[in-house]
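**Q** 3D model of this:
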Amino acid sequence: MLWLGLCVLLLGLFGLLAYWLPVALSSNLQARADPSGSWALAVGVGVGPIAFSAIAAHGVPPFLTCHLWGRQLARLPLSRWLRNRPKKPAPEASEPREKSVALTRFERAIGRFLHNLDVLDTLLVWWEKKRVFEVRSLELDVEYSFRDVALTGQILAGLCMLSGVLPERYVINQQPGWDSEDRLALAADGRFRIWPVRLVVDVLGFVLKQSSAARRTAAAASE
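**A** Here you go, the predicted model:
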């Protein structure tokens, strides 16, 4: 019982420290799209010796990896979590029904969380929220061109205006192209500070509010 009490005490102290003390976090994003229709996206987040990366590309199922001191610990397919339930085939359909993929309990929980989470709304809620999430620096490099040259010029003007009003810790470097073809390359490097426990509490509270609002909407529609 003494060891159990000590473990509970240590966990409590760790939770309090995580609630009051911030954690330094670094991130990197790389994205590219070519006129051929091929595209690739890679996102990496590092916290001390731990790093997470998510990679997706044209024709390649997205996956998430976890590294510790450069050694890969896990590689999980994101497509299994994001896949929707297969619809029932129409009575006249003669094609065989695809066999559903068996998900583990953990994967089902992650899938429900991702389906209930509106990423954009969540970012707007806690982005730069005091003592939850702080941007220390964010640098964006973007290269782009479009078949509509006027659109390229409009984006060039818009990003120039945006660069003028953003705080100094936000930097936008842009390189427009005038090749009259759709092309995009994006690279972002950021340094942040987060308060983990407060962030988790905020995100979970936001997800619960969204789920409750969705249930109320569904109940009102069924009446």
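**Q** so what does the longest helix anywhere in the chain touch, helix or strand wise?
**A** Using DSSP state H, we find that the single longest helix of the chain is helix 196-222. Counting contacts by 3 or more C-beta pairs under 8 Å, 6 or more residues apart in numbering; DSSP states H and E, helix 196-222 is packed against helix 2-20, helix 105-116, helix 119-126. (C-beta placed from N, C-alpha, C; glycine too.)
**Q** after the shortest one comes which helix or strand?
**A** In other words, helix 119-126. strand 133-145 (DSSP states H and E).
**Q** and that next one, C-alpha only, in PDB?
**A** Coordinates of each C-alpha in strand 133-145 appear next as PDB, following Å, rounded to 0.1, in the frame of the first residue of the first chain:
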ATOM      1  CA  PHE A 133      -0.700  27.500 -26.200                       C
ATOM      2  CA  GLU A 134       1.900  30.100 -27.200                       C
ATOM      3  CA  VAL A 135       3.600  30.600 -30.600                       C
ATOM      4  CA  ARG A 136       7.300  31.500 -30.100                       C
ATOM      5  CA  SER A 137       8.100  31.600 -33.800                       C
ATOM      6  CA  LEU A 138       6.500  30.500 -37.100                       C
ATOM      7  CA  GLU A 139       8.100  30.700 -40.500                       C
ATOM      8  CA  LEU A 140       6.300  29.900 -43.700                       C
ATOM      9  CA  ASP A 141       7.900  29.400 -47.100                       C
ATOM     10  CA  VAL A 142       5.400  29.100 -50.000                       C
ATOM     11  CA  GLU A 143       5.900  28.700 -53.800                       C
ATOM     12  CA  TYR A 144       2.900  28.800 -56.000                       C
ATOM     13  CA  SER A 145       1.600  29.400 -59.500                       C
END
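**Q** any idea which helix or strand comes after it?
**A** Scanning forward in sequence from strand 133-145 by DSSP H and E, the next helix or strand is helix 149-165.
**Q** now that next one: mean pLDDT?
**A** Taken as a whole, helix 149-165 has an average pLDDT of 89.
**Q** list the buried residues in that helix.
**A** Thr152, Ile155, Leu159 (16 or more other C-beta atoms under 10 Å).
**Q** report all helices and strands that that helix contacts.
**A** Counting contacts by 3+ C-beta pairs under 8 Å, 6+ apart, helix 149-165 packs against strand 133-145, strand 170-176.
**Q** the same query, at a cut-off of 6 Å, please.
**A** strand 170-176 (3 or more C-beta pairs under 6 Å, 6 or more residues apart in numbering; DSSP states H and E).
**Q** what does the strand it packs on contact?
**A** Contact partners of strand 170-176, identified using C-beta atoms under 6 Å, 6 or more residues apart in numbering, comprise Leu138, Glu139, Leu140, Asp141, Val142, Glu143, Thr152, Leu156, Leu159, Ser163.
**Q** any idea how far Val8 lies from Val201?
**A** Using C-beta to C-beta, to the nearest Å, one gets 20 Å for the distance from Val8 to Val201.
**Q** and stretch 59-70, how far from the chain's centre?
**A** Remark: stretch 59-70 is offset 14 Å from the chain centroid, using C-alpha atoms, centre = their mean, to the nearest Å.
**Q** restricting to C-alpha, output that stretch in PDB.
**A** Provided in PDB are the C-alpha atoms of stretch 59-70 (Å, rounded to 0.1, in the frame of the first residue of the first chain):
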ATOM      1  CA  GLY A  59      -1.900   6.800 -54.000                       C
ATOM      2  CA  VAL A  60      -0.300   6.100 -50.600                       C
ATOM      3  CA  PRO A  61      -2.500   5.400 -47.500                       C
ATOM      4  CA  PRO A  62      -1.700   8.000 -44.700                       C
ATOM      5  CA  PHE A  63       0.200   6.700 -41.600                       C
ATOM      6  CA  LEU A  64       1.400   8.000 -38.300                       C
ATOM      7  CA  THR A  65       4.800   7.100 -36.800                       C
ATOM      8  CA  CYS A  66       6.400   7.600 -33.400                       C
ATOM      9  CA  HIS A  67      10.100   7.900 -32.800                       C
ATOM     10  CA  LEU A  68      12.200   8.000 -29.600                       C
ATOM     11  CA  TRP A  69      15.700   9.300 -30.000                       C
ATOM     12  CA  GLY A  70      15.500   8.700 -33.700                       C
END
